[in-house]
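Novice: this is a predicted model, with the sequence first.
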Amino acid sequence: MSLIPPPAQAGMRALIADDEPLLRAHLRSQLTQLWPALDFTPDARNGVEALEIFEAQQPQIVFLDVRMPGLDGVAVARALARRAHIVFITAYEQYALQAFEHGALDYLLKPLEPARLADTVARLQERLLRPFAANPALEAVLQQLSAAPAAARKWLQWIKASVGPSVRLIPVAEVIFLRAEDKYTMVAWQGGQALIRKTIKELSEELDPDCFVQIHRAVIVNLHFVREVVRGVNETADLYLRDCDEVLPVSRSYLQHFRQM
């Protein structure tokens, strides 16, 4: 079991993952005042970026928004279990209080309160003096957070695409997958293929995450069209689709979507 060094030692680092830029900046500013010796990784705007940055920089602390587009904080927390101290950020007070009632894990409510953050920092500094150990309460908390209803939001229903000289309205429900191609995104749907000017990043924030997941830095797939996932070497996989002959690669950072399949 690896040890996390105490705060007095160099190299203590934190990752902030939240889709709200102002909150990320405010949290970093407050942490800098409360804990001047703390270093930071680049911020993550969503769950996928959080995993990529964590794997590259291995921070000891992760401030993690529960609700993020694409890959939410609950999925990220499961992927990071036993490897970092996690502090959840949530706007759902009733669910946060219920999930964290035993005080086994830290959480921050939006909007951030300086006194609450100061308490969290004090607890983190105390925990970092001890060897890192798995928290048996983590999975129970994650299950409760998963059950909390997401804020109401209208997801993208139609995609405008140029098909020859005409503009086609493609129902999102018929989209099989989307793939970045230079400055465009190729949309493969049940009626064919077309190019649109929206980026994969923009689409990942507009598509319903219960139906569409990112499987590669450049590819988003509709889960309703997934026929089979075949594991490969080095934590990769190939994804086979219904109504489409193309085989899509699943990169290591996104394989967690299919671990239970």
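Specialist: Great, that's in hand.
Novice: so which strand or helix has Met186?
Specialist: Element membership for Met186, per DSSP states H and E: strand 184-189.
Novice: now do the strands in the stretch 151-261 of the chain.
Specialist: Using DSSP state E, counting those that start in this stretch, the strands of the stretch 151-261 of the chain run over 158-163, 166-171, 175-181, 184-189, 192-196, 212-216, 219-222, 226-231, 237-241, 247-250.
Novice: out of those, which comes closest to Leu15?
Specialist: strand 212-216 (19.0 Å; Cβ to Cβ). C-beta coordinates here come from the backbone N, C-alpha and C atoms, glycine included.
Novice: let me know the pLDDT of Ala81.
Specialist: In this model, Ala81 is scored at 73, pLDDT.
Novice: how near is it to Pro131?
Specialist: Using Cβ to Cβ, to the nearest Å, we find Ala81 at a distance of 16 Å from Pro131.
Novice: comparing these two, which residue is more hemmed in?
Specialist: Set Ala81 next to Pro131 and count neighbours by other Cβ atoms under 10 Å: Ala81 wins out with 14 against 10.
Novice: quick check: that one vs Leu129, distance?
Specialist: On the measure of Cβ to Cβ, Ala81 and Leu129 end up 21 Å apart.
Novice: could you report the neighbour count for Leu71?
Specialist: Leu71 has 24 neighbouring residues, counting by other Cβ under 10 Å.
Novice: same deal with the one 5 residues further on?
Specialist: Burial of Val76 is recorded as 26 neighbouring residues (other Cβ under 10 Å).
Novice: cool, and Thr185?
Specialist: 24.
Novice: Leu195 is in contact with that one, correct?
Specialist: Yes. Judged on Cβ atoms under 8 Å, Thr185 makes contact with Leu195 at a distance of 7.1 Å.
Novice: circling back: want to try CSV for the strands of the stretch 151-261 of the chain, with distance to Ala50 and mean pLDDT as columns?
Specialist: Formatted as CSV, the strands of the stretch 151-261 of the chain follow (distance: least, Cβ to Cβ, whole Å; pLDDT from 0 to 100):
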stretch, distance to Ala50, mean pLDDT
strand 158-163, 27, 84
strand 166-171, 30, 84
strand 175-181, 20, 94
strand 184-189, 23, 93
strand 192-196, 27, 90
strand 212-216, 13, 90
strand 219-222, 18, 94
strand 226-231, 23, 89
strand 237-241, 21, 91
strand 247-250, 18, 91
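Novice: those: which one's closest to Val62?
Specialist: Closest among these, using Cβ to Cβ: strand 212-216, at 19.6 Å.
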